[in-house]
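Q: Take this sequence and fold it.
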Amino acid sequence: MEQITEISIKEISLSGFRNQKEPVSFALGDVNCVTGHNGTGKTTLAHAVAFAFYGVTYFGEQKADRLINSESAGCEVKIDFTDQNGVLHSLIRRRAGSKTELIFDSFSVRQEEINRFICDKDTFLCILNPFYLTSFGEAKGRELLFRNLKTVGSEQIISAMSEGFKKPLEGLNITEPAEMLSDYRAGIRRCDEQLRILEAKRATLRETVQANNAECDRLNEQAEVSAATVHILKEKQFEGLNLEDFRKRRDILSEKLTSAVNSPTAVKAAALEERLKAAREREYVSKFSGEIAKLDTELTSLKGRYSALKQKLEGLKPGSKCPTCSVILTEDLFTSARADISAEMRRTASSSSRTDGALCFARPIIPCRKPAQFDFTTYLVGADALIGPYKFYRTFPTSIRRKSRARLWSIERVRGNHPKGFPGLFFLLPGVFFLEKQKENAVRSPPFSEKRKRTGLKNLFSF
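A: Below is the predicted model of the structure:
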């Protein structure tokens, strides 16, 4: 069947449709005017056309049951129309309950066939009801218009414009006018926003310039006042002064300074400074090094001997061989051998203690190269060495402790560290090393009246 592109409705027949319960017909011409009061059926004719062609209301709603008269079991709408060739056609749509019957020119057809040889529902309703197009979104309405309207080129549109509109649009590629307008409007909004920002910045800069000009004027005034003050002070700077006399005195003092620098006394002082520096940097070697090494060897030997005796004592049992004479030990011999080994261990331990004590007193003697400037860090080395053996030192008789103090002070006097002029180690840490909480014992010779109870360190601390 040929595509129908034009429709001219000649007659509309209704039965059981809305307020028309009984069959009724309306003949139409080329131009028609429908008038009447509210509820008399003006909109019913528009609903009848939409229902006959597509089974919907005038507004595109699918609720066709609402179009059936409340007192009728069904409805029927018949449309007689001519096409673009003047051929008369008849379209009937009946609905009873949920069943719908569509008859076109005495043939039963489906809705898809009507859509194919007439047009789709949306296009038909937009022609019948222009307000139907406004219910679409932008994308759907745009697609509907592009599908049905003929495309007009931008050149054709511009050629139809007046000269005032043609000139601004020359050279532009207008393929999508809506998008182009949207972009231009967005650009105009951005320009307006930037213009407002620039206006605000210009106002701020204008205020800043005014403030800077005022500050410059104030500073210029101050500079003029300062320049005048400087000029006055320069004029008064040398009033009442004899500059020539000052120059002569400067020359005399310069000559005296040069003579003092090159004098024999200055040269001698420089040489003494060099010697003092070399003496301070010289590494100290103690004269007790040999004695300390000897005592170390002796102490190591005594410790080895003590360990051997301890092993013998631990392995000693009745009935075993004596480790000394290889005799089988009876109960009596076991007791005697054990007592002998224990006595020998005590003697060895006593000798080891005396040797260890001698080493404890000999090692912490620290030299001081700066009697006038005491270096506390240097003496702390000796302090760390003495803290451990201090308890052992307290076990010595008073006479040996006094004699050891006198011996150490004699060594300090030889080095030039006199107690009255140089506090040294003993005043810095009273009560920890040799002073026993009385500083005065370090500055006088201790008495030797007390009887010596231990004499193992006699030779080392004798004068």
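Q: For the rest of this, base every contact and every neighbour count on C-alpha atoms.
A: Fine.
Q: what's the burial count for residue 244?
A: Residue 244 is flanked by 9 other residues according to other CA atoms under 10 Å.
Q: In PDB, list the C-alpha atoms belonging to the helix or strand containing it.
A: Take DSSP states H and E as the rule and residue 244 turns out to sit in helix 243-261. What follows is helix 243-261, C-alpha atoms only, in PDB (Å, rounded to 0.1, in the frame of the first residue of the first chain):
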ATOM      1  CA  LEU A 243      92.500  67.400  62.900                       C
ATOM      2  CA  GLU A 244      96.200  67.900  62.200                       C
ATOM      3  CA  ASP A 245      97.000  67.200  65.900                       C
ATOM      4  CA  PHE A 246      95.000  64.000  65.800                       C
ATOM      5  CA  ARG A 247      96.800  62.800  62.700                       C
ATOM      6  CA  LYS A 248     100.200  63.300  64.400                       C
ATOM      7  CA  ARG A 249      99.000  61.400  67.500                       C
ATOM      8  CA  ARG A 250      97.800  58.500  65.300                       C
ATOM      9  CA  ASP A 251     101.100  58.300  63.600                       C
ATOM     10  CA  ILE A 252     103.000  58.200  66.900                       C
ATOM     11  CA  LEU A 253     100.700  55.400  68.300                       C
ATOM     12  CA  SER A 254     101.200  53.400  65.100                       C
ATOM     13  CA  GLU A 255     105.000  53.600  65.500                       C
ATOM     14  CA  LYS A 256     104.800  52.400  69.100                       C
ATOM     15  CA  LEU A 257     102.500  49.500  68.200                       C
ATOM     16  CA  THR A 258     105.000  48.400  65.500                       C
ATOM     17  CA  SER A 259     107.900  48.600  67.900                       C
ATOM     18  CA  ALA A 260     106.000  46.600  70.600                       C
ATOM     19  CA  VAL A 261     105.200  43.800  68.100                       C
END
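Q: What is the distance between that helix and the centre of its chain?
A: Distance of helix 243-261 from the chain centroid (CA atoms, centre = their mean, to the nearest Å) equals 65 Å.
Q: now that helix: mean pLDDT?
A: For helix 243-261, mean pLDDT is 84.
Q: hmm, who's touching stretch 141-148?
A: Contacts of stretch 141-148 from elsewhere in the structure, counted by CA atoms under 8 Å, 6 or more residues apart in numbering, are 123, 133, 134.
Q: oh, I was asking about stretch 231-242
A: Here stretch 231-242 makes contact (CA under 8 Å, 6+ apart) with no residue beyond itself.
Q: try stretch 250-261
A: Stretch 250-261 is contacted by residues 266, 267 when judged by CA under 8 Å, 6+ apart.
Q: mind listing what's buried in that stretch?
A: Residues of stretch 250-261 include none that count as buried (16 or more other CA atoms under 10 Å).
Q: next one: stretch 115-135
A: So for stretch 115-135, counting by 16+ other CA under 10 Å, buried means 118, 119, 121, 122, 123, 124, 125, 126, 132, 133.
Q: Give me the distance between the two termini of it.
A: By CA to CA, to the nearest Å, the extent of stretch 115-135 from end to end equals 21 Å.
Q: wait, isn't residue 20 in contact with residue 39?
A: No: counting by CA atoms under 8 Å, residue 20 stays clear of residue 39, with 11.2 Å between them.
Q: between these two, which one's more packed in?
A: When residue 20 and residue 39 are compared for neighbours, residue 20 comes out ahead with 17 against 9, by other CA under 10 Å.
Q: Which strand residues bridge that one?
A: residue 17 (DSSP bridges).
Q: How about the secondary structure of residue 61?
A: Three-state assignment for residue 61 (DSSP: H, G, I helix; E, B strand; the rest coil): coil.
Q: what does residue 36 give?
A: Following three-state DSSP, residue 36 is assigned to coil.
Q: So residue 330 is in contact with residue 319, correct?
A: Yes: at 5.9 Å, residue 330 and residue 319 qualify as touching, with contact defined as CA under 8 Å.
Q: which stretches of this structure aren't confidently modelled?
A: 175, 284-288, 356-401, 403-405, 407-463 (pLDDT under 70).
Q: And residue 101, which helix or strand is it part of?
A: Here residue 101 sits within strand 99-104, counting by DSSP H and E.
Q: Show the secondary-structure elements that that strand is packed against.
A: strand 88-96 (3 or more CA pairs under 8 Å, 6 or more residues apart in numbering; DSSP states H and E).
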